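Participant: predicted model follows, preceded by the sequence.
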Amino acid sequence: MKKIILILVIAMSSTAFSQAEPLEGPLVHTVLFWLNEPDNASDRADFEKAIKELMATNPQAIKSHLGRPASTEQRDVVDNSYTYLYMMTFANAEDEAAYQIDPTHLKFVESANHLWKKVVVYDSSAID
């Protein structure tokens with residue numbers, strides 16, 4: 001019985017301490033949006049509809065994520081002033097450049113840019 005418990009503890013420990021799996025794609029494109037009226041339910045719905053269409057139709061992105069500020073501990077280093085965060089990964093810088101002029105991206109910007117007052121983009125390349 002002790003051997004079974006020891007084996008279970010070892011198996012659980014190796015799973016609990018495994019490293020996180022890296023994102024797919026060496027280029028991560030992170031976009032933060034501040035809506036003009038972040039508490040306006042209609043504006044939120046319009047923004048979410050437009051960006052979800054982009055996520056469903058854009059051919060360049062490998063993976064994507066859409067979120068709002070999480071209810072995590074408030075600390076000096078945490079900025080949760082944005083309304084939405086959109087993150088996607090690309091295979092390379094060329095795909096990210098193609099995304100910028102892709103009709104799906106241009107349609108999103110055209111249909112939703114009146115909803116936001118500020119946009120900040122962070123692009124990062126993976127470290128080998």
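Facilitator: Arrived safely.
Participant: which secondary element of this structure has the worst mean pLDDT?
Facilitator: Sorted by mean pLDDT, DSSP states H and E, the helices and strands of the chain end with helix 2-16, the least confident at a mean of 47.
Participant: okay, buried residues for the very next helix or strand once past it please.
Facilitator: Where DSSP states H and E defines the elements, the next helix or strand beyond helix 2-16 is strand 27-35. Residues of strand 27-35 classed as buried by neighbour count (16 or more other CB atoms under 10 Å): 27, 28, 29, 31, 32, 33, 35. Heads up, the C-betas are built off the backbone N, CA and C, glycines and all.
Participant: so where do the helices sit in the chain?
Facilitator: With DSSP state H as the criterion, the chain has helices at 2-16, 41-57, 93-101, 103-112.
Participant: next, format these as CSV and append mean neighbour count.
Facilitator: Output for the helices of the chain, formatted as CSV (neighbours: other CB atoms under 10 Å):
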stretch, mean neighbour count
helix 2-16, 9
helix 41-57, 15
helix 93-101, 14
helix 103-112, 15
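Participant: tell me the centre residue of this structure?
Facilitator: With distances taken as CA atoms, centre = their mean, the residue of the chain nearest its centroid is residue 87 (2.6 Å).
Participant: pLDDT at it, what is it?
Facilitator: On the pLDDT scale, residue 87 is placed at 96.
Participant: for it, give its distance to residue 76.
Facilitator: Counting by CB to CB, to the nearest Å, the separation of residue 87 from residue 76 is 23 Å.
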